[in-house]
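In: Below are the sequence and a predicted model; questions follow.
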Amino acid sequence: MTKEEVLKKYFGYSEFREGQAPLIDSILSGKDTFGIIPTSGGKSLCYQIPALLFPGITLVISPLISLMRDQVIALNEAGVHAAYLNSSLTQGQYYKALENMKQGQYKIVYVAPERLLTDSFLQAASQVEISMVSVDEAHCISQWGQDFRPSYLKVIEFIAYLPTRPVVSAFTATATKQVREDVIALLRLKDPTILITGFDRENLKFSVLHPKDRYQVTADYVKEHREECGIIYCLTRKLVEEVAEKLQQEGISVTRYHAGLSDGERRQNQDAFIYDQKQVMVATNAFGMGIDKSNVRYVIHYNMPKNIESYYQEAGRAGRDGLNSECILLYGGQDVVTNQFFIDRQQEAEAEMEPQQVAAVKESERERLRKMTFYCFTNDCLREYILNYFGEKAPNYCGNCSNCLTQFEDVDITEIARKLIGCVETSHQRYGIVMIVDTVHGSTNAKIQRCRMDENPYYGTLGEVPIHRLRQIMNYLTLKGYLLLTNDEYPILKLSPQSRQLVSQEEPLMMKVAKEREKTEAKKEKKGRKAKITAASLEEADEELFEGLRALRTEIAKAEKVPPYIVFSDKTLIQMCTLKPKTREEMLEVSGVGEAKYQKYGDRFLEVLLGF
């Protein structure tokens with residue numbers, strides 16, 4: 001098989017993303033390879049595809065249990081035999097997996113670095129052909145990286161132990177020039193192919209706010225995005241508890257995660273979020289590495305993190321499916337003090353360093369904290385600031401961050417608001433935001449016709465207003481109390497005393513709307529950059545069909561006991577909505593539908609599609 005055939009058969013994609021093909025070719029040619037690819041850029045495929053083409057086993061060194069588990073579940077769902085070896089296994093399970101590995105049942109084995117030099121693993125490794133050792137999250141090997149783990153230093157000892165040196169590959173999403181050089185030296189990569197695809201995540205909108213009431217800003221945002229999954233990062237366990245409790249009291253579907261919880265509760269809460277049983281996760285930075293949940297639509301940093309690397313990695317957990325998502329940082333002066341305290345008190349990994357090294361690392365941490373603080377105060381493009389930090393040149397206007405959108409204009413929304421309120425009233429306060437917006441916009445979808453909303457007096461009266469603007473105004477009306485949204489599983493719009501007041505008052509209702517400047521030529525003429533989002537947006541998909549597909553995905557995920565995004569991502573479901581495949585061949589053209597997944601689920605999704 002060729003790499004293209006493997007990509008299509010097992011993973012359901014027709015073409016490689018930027019940088020994937022040359023990295024795969026380098027590995028297949030037998031060269032050591034180092035790839036720096038941003039989160040959601042598809043770095044795992046860069047070692048998984050060669051692993052399926054190599055004759056022997058590929059060992060993937062991975063730092064966290066959750067990362068291994070998610071990757072192995074996804075591979076097995078795609079029809080690839082894979083396993084992981086870490087402390088989550090019982091002794092019996094561990095030795096059974098080792099035996100299966102020796103018998104050649106797996107092509108890919110994920111292993112924790114702490115296991116590499118144990119007698120049992122060394123013995124098993126000596127009895128199999130190891131074609132490649134791939135180091136994931138490779139920045140963990142550098143003391144200058146944000147997640148330095150001394151156990152990663154065992155990787156090179158393990159490779160030296162093997163009778164034949166395999167191909168060595170390394171991958172990470174965030175690494176400064178200093179960290180990249182450290183990785184190459186510490187892993188002793190031999191004349192490696194080094195490829196940096198770029199750090200930009202164009203689908204992410206970055207914002208920095210300096211609110212007087214952080215909780216209220218957070219709560220308002222979460223309420224406006226009730227149907228979306230999000231992560232809220234807090235600096236301390238105490239804050240996690242406070243924020244999660246308050247949101248829960250306000251009817252938000254929320255759970256929490258921090259190191260103070262028992263292992264069982266952490267695992268239970270993490271699964272609740274991953275399996276879409278809870279919409280919002282409030283957590284410390286102990287949560288997230290290796291979490292492949294693709295439909296996280298926003299990440300809110302309740303406090304400023306201690307460095308840009310951590311911030312970008314955590315914020316990057318939003319929009320892994322490539323759809324528009326938001327990254328919001330709420331800055332407060334106490335954040336600097338708290339982070340400084342953590343730097344001064346950090347002890348993990350210091351026991352294995354010389355005093356001079358400890359001093360140098362702490363000074364480096366303080367400098368990175370200063371640069372993080374500057375990010376929160378700069379008036380320049382936030383995306384440019386981040387990319388420059390990682391050594392990548394960028395235009396000074398991105399059009400998708402709070403600083404590039406700081407020019408505002410007051411827009412009179414009185415008539416639009418009155419028509420939205422009128423539609424809610426004449427439909428007897430029975431529907432949610434989507435139905436009302438679709439009605440006034442003049443949608444012809446099946447649900448509108450079935451509910452006879454095309455006979456509503458306000459049907460199509462705001463057809464000239466873009467959908468996103470109508471939703472923005474609707475959110476503004478609910479936020480300001482002109483409309484109320486129930487806390488039910490399916491929130492319904494209700495009138496409020498202010499609704500009547502708005503209809504009768506003479507004063508106009510004004511709303512501040514971001515006034516985008518004209519994009520610069522540098523923005524227009526980016527070379528080698530793909531369009532912001534190649535997939536259709538949710539707004540372009542048939543809402544009822546999408547919900548039908550999502551309901552089927554949830555049903556399958558529960559039966560298979562896997563996260564819904566492992567079955568199919570939102571992006572794949574949206575493409576099903578737009579392409580509306582009718583046959584097996586057409587379904588296999590949908591991005592993310594491979595042969596193994598079609599065999600498992602294809603007919604059931606086709607049945608839903610044909611039903612519409």
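Out: That came in fine, so what should we check first?

In: where's the most far-flung residue of the chain relative to its centre, which helix or strand?
Out: Note on the chain: the largest separation between a C-alpha and the mean C-alpha position, by Cα atoms, centre = their mean, falls on Glu506 (45.4 Å). Assigned by DSSP states H and E, Glu506 belongs to no helix or strand.

In: Spatially, and excluding backbone neighbours, which residue is closest to Gly442.
Out: Sequence neighbours aside, Gly460 is the residue nearest to Gly442 in space, at 3.3 Å (criterion: Cβ to Cβ, 6 or more residues apart in numbering). For the C-beta atoms, the positions are set from N, CA and C on the backbone; glycine is no exception.

In: Could you tell me whether that neighbour really is in a helix?
Out: No - residue assignment for Gly460, taken from DSSP: H, G, I helix; E, B strand; the rest coil, gives coil, which places it outside any helix.

In: After the lowest-mean-pLDDT helix or strand in the chain, which helix or strand is next? Please name it.
Out: Per-element confidence for the chain was summarised using mean pLDDT, DSSP states H and E. The lowest value among helices and strands belongs to helix 521-524, with a mean of 40. Scanning the chain past helix 521-524 towards its C-terminal end, the next helix or strand to appear is helix 543-560 (assignment: DSSP H and E).

In: And that next one, how far out from the chain middle?
Out: Distance of helix 543-560 from its chain centroid, counting by Cα atoms, centre = their mean, to the nearest Å, is 20 Å.

In: tell me the mean pLDDT for the helix or strand encompassing Val155?
Out: Assignment of secondary structure by DSSP H and E places Val155 within helix 154-161. The pLDDT scores in helix 154-161 average 92.

In: Okay, domains of this protein per the record?
Out: Split into domains by automatic domain parsing, the chain comes to 3-196, 204-389, 408-514, 538-611.

In: any chance of those in a markdown table, with distance to Ser402 too?
Out: Rendered in a markdown table, the data for these read as follows (distance: least, Cβ to Cβ, whole Å):
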| stretch | distance to Ser402 |
| --- | --- |
| domain 3-196 | 20 |
| domain 204-389 | 4 |
| domain 408-514 | 9 |
| domain 538-611 | 22 |
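
In: Looking at the ones you listed, spot the one closest to Cys401.
Out: domain 204-389 (4.0 Å; Cβ to Cβ).

In: Start and end of the closest one, how far apart?
Out: Domain 204-389 has an end-to-end distance of 17 Å (criterion: Cα to Cα, to the nearest Å).

In: likewise stretch 306-320?
Out: When the termini of stretch 306-320 are compared using Cα to Cα, they are 23 Å apart.

In: if I pick the residue nearest to Gly442, what's in contact with it?
Out: 440-442 (Cβ atoms under 8 Å, 6 or more residues apart in numbering).

In: What of Ala596?
Out: Contacts of Ala596 were listed using Cβ under 8 Å, 6+ apart, and they are 9-10, 77-79.

In: can you pull out the strands in the stretch 151-300 of the chain?
Out: 167-172, 193-196, 204-209, 229-233, 254-257, 280-283, 296-301 (DSSP state E, counting those that start in this stretch).

In: Averaged pLDDT, the first one. What do you get?
Out: This means strand 167-172. In this model, strand 167-172 has an average pLDDT of 94.

In: hang on, the earlier thing: most neighbours among the contacts of Ala596, which one is it?
Out: Counting by other Cβ atoms under 10 Å, Tyr10 has the largest number of neighbours within the contacts of Ala596, with 22 neighbours.

In: How about the helix ranked longest in the chain, which residues are buried there?
Out: When secondary structure is assigned using DSSP state H, the longest helix within the chain turns out to be helix 355-377. By neighbour count on 16 or more other Cβ atoms under 10 Å, the buried set for helix 355-377 is 358, 361, 365, 368-369, 372-373, 375-376.

In: List just the nearest of those to Gln105.
Out: Nearest member of those to Gln105, counting by Cβ to Cβ, is Val361, at 42.2 Å.

In: Next one: that closest one from Gln143, what distance?
Out: Look at Val361 and Gln143: by Cβ to Cβ, to the nearest Å, they are 6 Å apart.

In: thought Gln152 was touching Asp136?
Out: Quick fix: residue 152 reads Tyr, not Gln. No - proximity of Tyr152 to Asp136 does not meet the contact threshold set by Cβ atoms under 8 Å, at 10.5 Å.

In: hey, what's in contact with both of these two?
Out: Common neighbours of Tyr152 and Asp136 (Cβ under 8 Å, 6+ apart) are 61, 63.

In: coming back round to it: please identify the buried residues of the helix holding Val155?
Out: For helix 154-161, a neighbour-count test (16+ other Cβ under 10 Å) marks 154-156, 158-159 as buried.

In: still on that earlier bit, let me know the closest of the contacts of Gly460 to Asp276.
Out: Within those, distances to Asp276 taken as Cβ to Cβ reach their minimum at His441, with 27.8 Å.
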